[in-house]
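S.K.: here are the coordinates; sequence isn't available:
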Ligand SMILES: [Zn+2]
């Protein structure tokens, strides 16, 4: 699988004339090839001191995130609005962040919303509807969701039952799997339509897990879809698998979170040998860069460093006149079901280009 950017066959069949005209176009329209806009989407779960640490941020630290953004010229923008603007080629503010919450926990209403209102910050909540329908403890109620929605909060679909969508059940046929997953997405969509009178446009994959078939299903609902792999969004991102920076637990500290608020989209034009679902726990991957685009956005491909489990990955860089090929290899096998390779490179003014490749190991 590759990103949807410039198809590889188109790329490798560029004629000299095409290359020259592309070069000239880039001189006339500097943003034509790769706009420099970037958006960081943050994903929070609980905003509370009494919920599980790994998915929580304290109200005090949450407030410090908003205060930092305010003090540093970072604009908080609605995710749907920002993506629609990026798709149309409209410029975003130089530093833009979108705030999202997954699952619909009670502390969003009672702790986060008052702080967000104070900072006039728009945000989105991805709701799994079954726990809300059954009034499960710890979740917001439909009345609370309606109240927030009536005051401009964007509500997205997070399926009805929040299962591991990419995982087939034991002895489940592909057809049965497809029907089950389609039902879970459809039910979430239907509940939001029934209860709020809206056609949701945003979708978040439970646990951030997706594959090509799921993306096609989500696309049939005309959704903008987000995962949970870190990285910034640009005008050429995959709208069916957008990255978000997790902000819970150890990631909530302002010292590291602030770097993510101003991250820039890594201008890869293709990723080869990468699939989000793998049957090996140490897959290699190759990032492909267009030298002209890199020059435009100020990225030195040789400065890209990739990490897995806190360790720097082995890398090999090959370059010709037009492209740079960065092959990355993990030193160790993953011991987990789900992991990311995270690649960063310095940009100007203490900002970082940021991209990560998510993997789910299914044996
Ligand atoms: Zn979730």
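M.R.: Yes, it's here. Worth saying up front: this structure is predicted, and the values here are computed from it rather than measured.

S.K.: Can you classify the residue nearest to residue 133 when sequence neighbours are not counted by secondary structure?
M.R.: Nearest in space to residue 133, with sequence neighbours left out and distances taken as CB to CB, 6 or more residues apart in numbering, is residue 191 at 6.7 Å. For the C-beta atoms, the positions are set from N, CA and C on the backbone; glycine is no exception. Of the three states, residue 191 takes helix under DSSP: H, G, I helix; E, B strand; the rest coil.

S.K.: same thing with residue 84?
M.R.: Classified using three-state DSSP, residue 84 is helix.

S.K.: Read off the pLDDT value for it.
M.R.: Looking at residue 84, its pLDDT is 95.

S.K.: What's the local residue count around it?
M.R.: A count of nearby residues for residue 84, using other CB atoms under 10 Å, gives 14.

S.K.: residues in contact with the closest residue to the ion within the stretch 201-350 of the chain?
M.R.: Going by CB to the ion, the ion is nearest to residue 206 of the stretch 201-350 of the chain, at 5.0 Å. Neighbouring residues of residue 206 by CB atoms under 8 Å, 6 or more residues apart in numbering: 128, 158-159, 162-165.

S.K.: Of these, which is the most crowded?
M.R.: residue 158 (27 neighbours).

S.K.: Check whether that residue really touches residue 103, as I assumed.
M.R.: Yes. Here residue 158 lies in contact with residue 103, judged by CB atoms under 8 Å, at a distance of 6.5 Å.

S.K.: intersection of neighbour lists for these two?
M.R.: 126-128.

S.K.: hang on, residue 65 in a strand?
M.R.: No. Applying three-state DSSP, one finds residue 65 to be helix, outside a strand.

S.K.: My understanding was that it contacts residue 247; is that so?
M.R.: Yes. Between residue 65 and residue 247 there is a contact under CB under 8 Å: 7.4 Å.

S.K.: where do the contact lists of those two overlap?
M.R.: 42, 57, 257.

S.K.: From these, which land in strands?
M.R.: Counting by DSSP state E, the shared contacts of residue 65 and residue 247 place 42, 57 in strands.

S.K.: Only the buried members of the shared contacts of residue 65 and residue 247: can you turn that into a ChimeraX selection?
M.R.: Restricted to buried positions by 16 or more other CB atoms under 10 Å, the ChimeraX selection for the shared contacts of residue 65 and residue 247 reads:
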select :42,57,257
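
S.K.: Reformat the shared contacts of residue 65 and residue 247 as CSV; add distance to residue 181 and pLDDT.
M.R.: Converted to CSV, those look like this (distance: CB to CB, whole Å; pLDDT from 0 to 100):
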residue, distance to residue 181, pLDDT
42, 27, 98
57, 30, 98
257, 33, 97
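
S.K.: What is the nearest of the shared contacts of residue 65 and residue 247 to residue 134?
M.R.: residue 57 (26.4 Å; CB to CB).

S.K.: Kindly state the beta-bridge partners for the closest one.
M.R.: Note on residue 57: beta-bridge partners by DSSP bridges are residue 47.

S.K.: does residue 324 sit in a helix or strand, and which one?
M.R.: Taking DSSP states H and E as the criterion, residue 324 maps to strand 323-329.

S.K.: List the neighbouring strands of that strand plus their orientation.
M.R.: strand 285-290 (antiparallel), strand 314-319 (antiparallel).

S.K.: How much space separates the residue nearest the centre of the chain from residue 217?
M.R.: The centre of the chain sits closest to residue 243, judged by CA atoms, centre = their mean, with a distance of 1.4 Å. Residue 243 sits 20 Å away from residue 217, going by CB to CB, to the nearest Å.

S.K.: Please apply the same query to residue 305.
M.R.: Where residue 217 is concerned, residue 305 sits at a distance of 35 Å (CB to CB).

S.K.: Report how many residues lie close to residue 40.
M.R.: Quick note: residue 40 (other CB under 10 Å) scores 26 neighbours.

S.K.: What of residue 119?
M.R.: Other residues within reach of residue 119, judged by other CB under 10 Å, total 14.

S.K.: Verify the contact between it and residue 70 for me.
M.R.: Yes. Using CB under 8 Å, residue 119 is in contact with residue 70, at 6.2 Å.

S.K.: can I see the domain layout of the protein?
M.R.: 18-25+268-361, 39-263 (automatic domain parsing).

S.K.: Tell me where the chain has helices.
M.R.: 8-12, 16-28, 59-71, 79-88, 106-107, 113-118, 129-133, 142-150, 174-196, 212-220, 254-261, 291-297 (DSSP state H).

S.K.: ok, residue 282 - contacts?
M.R.: Residue 282 touches 329-330, 332-334, counting by CB under 8 Å, 6+ apart.

S.K.: In space, what's closest to the residue nearest to the centre of the chain - neighbours in sequence excluded?
M.R.: residue 231 (3.4 Å).

S.K.: Near residue 253, how many other residues are there?
M.R.: 13.

S.K.: That one against residue 62, yeah?
M.R.: No. The criterion here is CB under 8 Å, and residue 253 misses it with residue 62 at 11.9 Å.

S.K.: Tell me which of residue 305 and residue 217 has more neighbours.
M.R.: Applying other CB under 10 Å to residue 305 and residue 217 shows that residue 217 carries more neighbours, namely 21 against 14.

S.K.: That one reaches residue 184, doesn't it?
M.R.: No. Applying CB under 8 Å, one finds residue 217 not in contact with residue 184, separated by 10.0 Å.

S.K.: how near is residue 256 to residue 208?
M.R.: 19 Å.
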